[in-house]
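Engineer: Curious how this folds, go ahead:
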Amino acid sequence: MRIATWNVNSITARLPRLLAWLESSGTDVLCIQETKCAEGAFPYAELRELGYEAAVNATGRWNGVALLSRVGLADVVTGLPGGPDYEGAQEPRAVSATCGPVRVWSVYVPNGREVGHDHYAYKLRWFEALRDAVAEDARGERPFAVLGDYNVAPADEDVYDPAVFEGATHVTPAERAALAALRETGLEDVVPRPLKYDRPYTYWDYRQLCFPKNKGMRIDLVYGNAAFAKARTDAFVDREERKGKGASDHAPVVVDLDV
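Structural biologist: Predicted coordinates for the structure are as follows:
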């Protein structure tokens, strides 16, 4: 079974590449972030032609997540149970479902904007709610994983130059402590292998030639429980999909399982 996560940075803008990638990659389940479309504009029909069902949590041109599956889609939960509001509303940042033998979450963790901003405090509260929501499945015997854009680099080695990010979000002790608390539920970081260079970065800014210079970050993560990690046979960053015209600024992270 092949499961992947990909921040597409607008499913409308990325649709031709997404459909081509699904056809060529052999992916059974895909967690998508930043759909940036209303649910009514989601490309259900095009995905159905390729054999994928979709569970979607999207409300407009910001945020938005989805789960695509060709191995079944059951017990769908839209949103983060107990999750905090931001400016009076719960943003569309989580969706979960059972896909064949695996329970999967697709998450788009708040960016945080800058340390001290209300959005940064919101990000930390969102992590607390996520930890509480996944704790039971994390301890369970069924393969379970939370995949997505976590907007946190777990360690200094997960950014190309720690000095560049000093004092910024994505690398602060509080954010990394939130990741550690999530791992304490029974989840572990399923680190992919890079297909080029020595670090499995998943995101490269569009600006300043960051991709060709490999100035990246590993912020798209797969956190799986013991059963998921045991079933893993491979994991890699599909760096090729970050290349060329019309690419997202994130690359897919792919995990193969023997389940």
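
Engineer: CA atoms only for stretch 30-42, dumped as PDB, please.
Structural biologist: Extracted in PDB, the C-alpha atoms of stretch 30-42 (Å, rounded to 0.1, in the frame of the first residue of the first chain):
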ATOM      1  CA  LEU A  30      -3.100  10.900  -0.700                       C
ATOM      2  CA  CYS A  31      -3.300  13.500   2.000                       C
ATOM      3  CA  ILE A  32      -3.600  17.000   0.400                       C
ATOM      4  CA  GLN A  33      -3.000  20.400   2.100                       C
ATOM      5  CA  GLU A  34      -3.800  23.900   0.900                       C
ATOM      6  CA  THR A  35      -6.500  23.000  -1.500                       C
ATOM      7  CA  LYS A  36      -7.400  26.800  -1.500                       C
ATOM      8  CA  CYS A  37     -10.900  26.200  -2.900                       C
ATOM      9  CA  ALA A  38     -14.400  25.900  -1.700                       C
ATOM     10  CA  GLU A  39     -15.700  22.300  -1.400                       C
ATOM     11  CA  GLY A  40     -18.100  23.000  -4.300                       C
ATOM     12  CA  ALA A  41     -15.100  23.700  -6.600                       C
ATOM     13  CA  PHE A  42     -13.200  20.600  -5.600                       C
END
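
Engineer: now that stretch: how far from the chain's centre is it?
Structural biologist: Centroid separation between stretch 30-42 and its chain, computed with CA atoms, centre = their mean, to the nearest Å, is 13 Å.

Engineer: can you pull the pLDDT of Val71?
Structural biologist: On the pLDDT scale, Val71 is placed at 98.

Engineer: and the residue nearest to it when sequence neighbours are not counted, what does it touch?
Structural biologist: Distances taken as CB to CB, 6 or more residues apart in numbering place Gly100 nearest to Val71, at 3.8 Å, with adjacent residues excluded. C-betas here are computed from N, CA, C, even on glycine. Residues near Gly100 by CB atoms under 8 Å, 6 or more residues apart in numbering: 1, 28-29, 69, 71-72, 259.

Engineer: So Gly100 versus Gln90, what's the distance?
Structural biologist: 28 Å (CB to CB, to the nearest Å).

Engineer: just so I have it, where are all the helices in the stretch 151-259 of the chain?
Structural biologist: 173-183, 226-231 (DSSP state H, counting those that start in this stretch).

Engineer: looking at the ones you listed, which is buried most?
Structural biologist: Sort these by mean neighbour count, taking mean count of other CB atoms under 10 Å, and helix 226-231 sits at the top with a mean of 18.

Engineer: Having no further points to raise, I will conclude here.
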